[in-house]
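Enquirer: Give the three-dimensional model of this entry:
(one chain, ligands or ions: 2)
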Amino acid sequence: MRDFIYVGQPQRVVFGAGSLARLAGEIDTLGARRALVLSTPEQRPQAERVVELLGDKAAGIFDRAVMHVPIETAREAREVAQKLGADCAVAIGGGSTTGLGKTIALDSGLPIIAIPTTYAGSEMTPIYGITEGGLKKTGKDARVLPRTVIYDPELSRTLPVRLSITSGLNAIAHAAEGLYAKDGNPVMDLMAAEGIRALARALPVLRQTPDDLDARSDALYGAWLCGSVLGNVGMALHHKLCHTLGGSFNLPHAEVHTVVLPHAIAFNASAAPEAVRRIAEALGSDNAAQGLQDLARDNGAPIALKDIGMRAEDLDRAADIAVSNPYWNPRPFGPEQRGEIRALLQRAYDGAPPS
Ligand SMILES: NC(=O)C1=CN([C@@H]2O[C@H](COP(=O)(O)OP(=O)(O)OC[C@H]3O[C@@H](n4cnc5c(N)ncnc54)[C@H](O)[C@@H]3O)[C@@H](O)[C@H]2O)C=CC1
Ligand SMILES: O=C(O)/C=C\C(=O)CC(=O)O
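Expert: Ligands and ions are numbered 1, 2, ... in the order given. You can find the predicted model right below:
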């Protein structure tokens with residue numbers, strides 16, 4: 001019998017090839033006048049293109065976004081926004097740039113327009129992350145949810161193939177865990193299954209032809225759906241393991257998601273059989289966990305933690321951290337399950353088949 005709570009998120013989403021051209025109109029719709037444009041150093045040329053498009057609606061560029069949002073960078077960006085008299089920020093880039101925008105919004109309330117160029121999905125969530133003194137903390141706050149999101153598949157054409165695949169699997173992870181979230185609902189289930197389907201279809205095409213605009217559009221559509229799921233329901237074991245490995249051992253975000261996901265899904269398979277059946281169906285596979293590892297490996301993405309910078313001697317500490325403050329999960333993974341989580345991490349480290 002159905003029993004759920006659904007809360008819609010107040011966001012405006014503009015999707016389509018060439019939709020970057022609608023940015024100035026979207027700033028008007030927000031009632032704003034001067035935008036600070038945020039980017040990573042690598043994406044400064046895209047930020048400059050935005051400034052050119054905006055003319056006198058551009059207050060300036062802050063191009064120092066980096067992964068996991070160091071608090072010093074967030075403070076600096078906030079000061080620059082204030083000094084330049086910006087009344088909104090435009091974040092053009094992946095999760096790192098969107099994350100920087102979110103930390104500005106957290107204190108200042110400055111509205112954010114996100115223009116995602118990866119498939120991380122942060123633009124659809126009220127989740128923020130910030131790193132202080134080497135420790136990353138995450139939180140949820142409605143103030144950080146971007147007010148407007150412009151999805152222009154043209155902008156992701158330059159995303160390197162490896163990051164296209166791993167970022168797509170980062171998105172799939174949001175949907176996969178959404179299907180067994182304790183606060184899930186039928187709308188999110190539909191979005192999750194459709195998001196996984198779209199990405200599973202698009203990624204092999206992008207591996208072969210990274211410039212294919214239809215596949216870029218399909219992947220970004222999947223990222224929107226999967227990001228929406230993450231924004232609406234809770235995270236579980238998989239995200240906890242990735243936050244532990246990324247935050248405490250500085251592993252690359254999308255790659256960690258890619259490697260860990262098959263193992264987390266295998267761990268949860270007996271406790272959430274219907275969710276896992278739906279993941280497999282959306283992947284077009286008869287085994288969800290193996291289907292996810294195949295999707296990664298067949299498209300040139302890493303499947304072993306040892307290949308993305310993890311050290312064998314850190315596995316014990318990773319298991320300790322992960323079980324010390326667990327997220328809700330359909331199969332418990334607190335201190336009593338430490339041995340099972342350590343074994344899961346070993347399989348992920350080795351790149352073994354999920355079991
Ligand atoms: N709060 C949330 O809901 C979520 C937050 N995140 C956060 O996002 C961060 C990771 O974001 P990602 O998108 O994986 O990577 P990223 O934003 O760090 O981008 C990785 C690299 O790719 C470059 N890049 C991005 N798009 C490009 C394009 N179209 N063409 C060429 N280069 C491009 C960037 O400039 C950067 O150098 C992490 O800090 C993670 O914690 C990720 C997912 C959800
Ligand atoms: O793991 C994810 O992809 C989702 C959430 C985060 O990364 C949290 C953050 O913003 O750092």
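Enquirer: tell me which element the closest residue to residue 332 other than its chain neighbours is part of?
Expert: Of all residues not flanking residue 332 in the chain, residue 326 sits nearest, at 7.5 Å (C-beta to C-beta, 6 or more residues apart in numbering). In this view, the C-beta of every residue, glycine as well, is placed from N, C-alpha and C. In this structure, residue 326 sits in neither a helix nor a strand according to DSSP states H and E.
Enquirer: For residue 258, list the residues it contacts.
Expert: 165, 166, 169, 170, 296, 301, 302, 303 (C-beta atoms under 8 Å, 6 or more residues apart in numbering).
Enquirer: Looking at the chain, what residue ends up closest to ligand 2?
Expert: Closest residue of the chain to ligand 2, C-beta to the nearest ligand atom: residue 129 (2.2 Å).
Enquirer: Remind me which helix or strand that residue belongs to.
Expert: strand 127-132.
Enquirer: Is that strand in proximity to ligand 1?
Expert: Yes - using C-beta under 6 Å from any ligand atom, we find that strand 127-132 touches ligand 1 at 127, 128, 129.
Enquirer: Now for the closest residue to residue 351 other than its chain neighbours, how many residues are close by?
Expert: Nearest residue to residue 351 in three dimensions, chain neighbours excluded: residue 304, at 2.9 Å (C-beta to C-beta, 6+ apart). Burial measure for residue 304: 15 neighbouring residues, criterion other C-beta atoms under 10 Å.
Enquirer: Also residue 134?
Expert: Neighbours around residue 134, by other C-beta under 10 Å: 9.
Enquirer: Now it. Its backbone dihedrals?
Expert: phi 80, psi 0 (degrees, to the nearest 10).
Enquirer: what's the answer for residue 125, then?
Expert: According to degrees, to the nearest 10, residue 125 has phi -120, psi 150.
Enquirer: can you pull the contacts of it?
Expert: Per C-beta under 8 Å, 6+ apart, neighbours of residue 125: 145, 227, 230, 231.
Enquirer: who does the strand holding residue 129 touch, helix- and strand-wise?
Expert: Judged by 3 or more C-beta pairs under 8 Å, 6 or more residues apart in numbering; DSSP states H and E, the packing partners of strand 127-132 are helix 71-83, helix 95-108, strand 135-140.
Enquirer: list the buried ones in the longest one?
Expert: Going back to what we said before, that points to helix 95-108. Neighbour-count burial for helix 95-108, counted by 16 or more other C-beta atoms under 10 Å, picks out 95, 96, 97, 98, 99, 100, 101, 102, 103, 104, 105, 106.
Enquirer: In its sheet, which strands sit next to the next helix or strand after that helix, and in what direction?
Expert: Per DSSP H and E, helix 95-108 leads on to strand 112-116 as the next helix or strand towards the C-terminus. Note on strand 112-116: by DSSP bridges, its sheet partners are strand 88-93 (parallel), strand 148-151 (parallel).
Enquirer: how about strand 112-116 as CSV, C-alpha atoms only?
Expert: Provided in CSV are the C-alpha atoms of strand 112-116 (Å, rounded to 0.1, in the frame of the first residue of the first chain):
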residue,chain,number,x,y,z
ILE,A,112,22.0,31.3,-7.7
ILE,A,113,21.5,30.5,-11.4
ALA,A,114,23.3,27.2,-12.1
ILE,A,115,24.5,26.2,-15.6
PRO,A,116,25.7,22.6,-15.2
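Enquirer: Other residues contacting it?
Expert: For strand 112-116, using C-beta under 8 Å, 6+ apart, the contacting residues are 20, 23, 26-27, 30, 35, 50, 88-94, 98, 101-102, 104-105, 122-123, 144, 146-152, 155-156, 220, 223.
Enquirer: for the record, mean pLDDT for it?
Expert: For strand 112-116, mean pLDDT is 98.
Enquirer: tell me how far that strand is from the chain's mean position?
Expert: 14 Å (C-alpha atoms, centre = their mean, to the nearest Å).
Enquirer: Next, the angle from it to helix 95-108.
Expert: If you take axes from the mean of the first three to the mean of the last three C-alpha atoms, to 10 degrees, strand 112-116 sits at 170 degrees to helix 95-108.
Enquirer: one step back: could you export the strands paired with strand 112-116 as JSON lines, including mean neighbour count?
Expert: Shown next, in JSON lines, are the strands paired with strand 112-116 (neighbours: other C-beta atoms under 10 Å):
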{"stretch": "strand 88-93", "mean neighbour count": "29"}
{"stretch": "strand 148-151", "mean neighbour count": "24"}
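Enquirer: got CSV for the ones you listed, with distance to residue 77 and mean pLDDT too?
Expert: As requested, these are exported to CSV (distance: least, C-beta to C-beta, whole Å; pLDDT from 0 to 100):
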stretch, distance to residue 77, mean pLDDT
strand 88-93, 8, 98
strand 148-151, 19, 98
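Enquirer: okay if I get the ones you listed as CSV plus distance to ligand 1?
Expert: Output for the strands paired with strand 112-116, formatted as CSV (distance: least, C-beta to the nearest ligand atom, whole Å):
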stretch, distance to ligand 1
strand 88-93, 5
strand 148-151, 12
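Enquirer: give me every residue that touches the residue nearest to residue 332.
Expert: 237, 240, 332, 333, 334.
Enquirer: Of the residues you listed, which belong to helices?
Expert: Judged by DSSP state H, these include 237, 240 as members of helices.
Enquirer: Now the buried members of the contacts of residue 326.
Expert: Buried among the contacts of residue 326 (16+ other C-beta under 10 Å): 237, 240, 333.
Enquirer: Nearest spatial neighbour of the second one, chain-adjacent residues omitted?
Expert: Nearest residue to residue 240, sequence neighbours excluded (C-beta to C-beta, 6+ apart): residue 327, at 4.5 Å.
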